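[1] Prediction below, plus the sequence it came from.
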Amino acid sequence: MSFRSVFLGPPGAGKGTQALTVASGPGVLHLSTGDMLRAHVSKGTELGAQAKGFMDAGQLVPDALIIAMVEERLGGEGANSWILDGFPRTIPQAEALDQSLQAANASLTHVVYFRVPNEALMQRLTGRRTCGDCGAIWNVHTKPTQTEGKCDACGGSLTHRSDDRPEAVSQRLEAYDKQTKPLLDFYRSKGCLVEIDADRSPQEVSQELSDALAKEVC
């Protein structure tokens, strides 16, 4: 069956990784709003130019612009199924998405929440190290390299992103709790929410996710 899904979860929950895995199958589109913003800006589109003005001023890109980018992408060729990753982040965005889908005689089929305790998220994010050469991701707690600070895959130097330092991670999780966590009750009240225990191996999470997407929920 085809599906139209939103993936929700705090930073570090693994929703992006799972979205990429699902989207590796035929006819599945993975829509990351961050990727869409960067693509529009780099291509110099009208939407990108408008978004760049807000981004350069250090302001949030307005909901209307994000919705326009999502609508344009969903209206393009392609996919029988899609996943929205990183959108919506707020209830007004969720309401705008519902209106946009209704106008196209469509609706969501699933909203998947990847549930992970905050202690595990802190370990995942603060321990994350990224290879500056090949982009491989390691973790000093759960996936260490043989030589500290060096990538096992290519020997490149590992970096610790500034937004993965403890104080920054705490701020990211607080922002998630304030802005995005209310979406859980919003979608739960519609009978659309599927909760997955994501504090397990990626393979276990992937299997449960595959089972969930095989059944229409909303």
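    Thanks, I have the structure now.
[2] how much space between the residue lying farthest from the centre of the chain and residue 140?
    Going by CA atoms, centre = their mean, the residue of the chain most distant from its centre is residue 147, 30.6 Å out. The spacing between residue 147 and residue 140, counted by CB to CB, to the nearest Å, is 12 Å. For glycine as for every other residue, the C-beta is placed from the backbone atoms N, C-alpha and C.
[3] Likewise for residue 99?
    For residue 99, the distance to residue 140 - CB to CB - is 45 Å.
[4] Kindly report the same for residue 154.
    Distance, residue 154 to residue 140, by CB to CB: 18 Å.
[5] ok, those two, which is more surrounded?
    Between residue 154 and residue 140, counted using other CB atoms under 10 Å, residue 140 has the larger neighbour count: 16 against 12.
[6] That one contacts residue 124, correct?
    No: judged on CB atoms under 8 Å, residue 140 makes no contact with residue 124 at a distance of 10.8 Å.
[7] who touches residue 92 in this structure?
    residue 63 (CB atoms under 8 Å, 6 or more residues apart in numbering).
[8] looking at the protein, which helix or strand is least sure?
    helix 63-74 (a mean of 83; mean pLDDT, DSSP states H and E).
[9] which helices and strands sit right next to that helix?
    Packing partners of helix 63-74 (3 or more CB pairs under 8 Å, 6 or more residues apart in numbering; DSSP states H and E): strand 28-32, helix 33-43, helix 46-56, helix 91-103.
[10] and that helix, how far from the chain's centre?
    Relative to the centre of its chain, helix 63-74 is centred 16 Å away, using CA atoms, centre = their mean, to the nearest Å.
[11] ok, now stretch 143-154?
    On CA atoms, centre = their mean, the centre of stretch 143-154 falls 26 Å from that of its chain.
[12] sorry, back to before: take the helices and strands packed on helix 63-74 and write them to JSON lines, including distance to residue 3 and mean pLDDT.
    Listed next are the helices and strands packed on helix 63-74 as JSON lines, based on distance: least, CB to CB, whole Å; pLDDT from 0 to 100:
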{"stretch": "strand 28-32", "distance to residue 3": "8", "mean pLDDT": "87"}
{"stretch": "helix 33-43", "distance to residue 3": "19", "mean pLDDT": "86"}
{"stretch": "helix 46-56", "distance to residue 3": "26", "mean pLDDT": "86"}
{"stretch": "helix 91-103", "distance to residue 3": "13", "mean pLDDT": "88"}
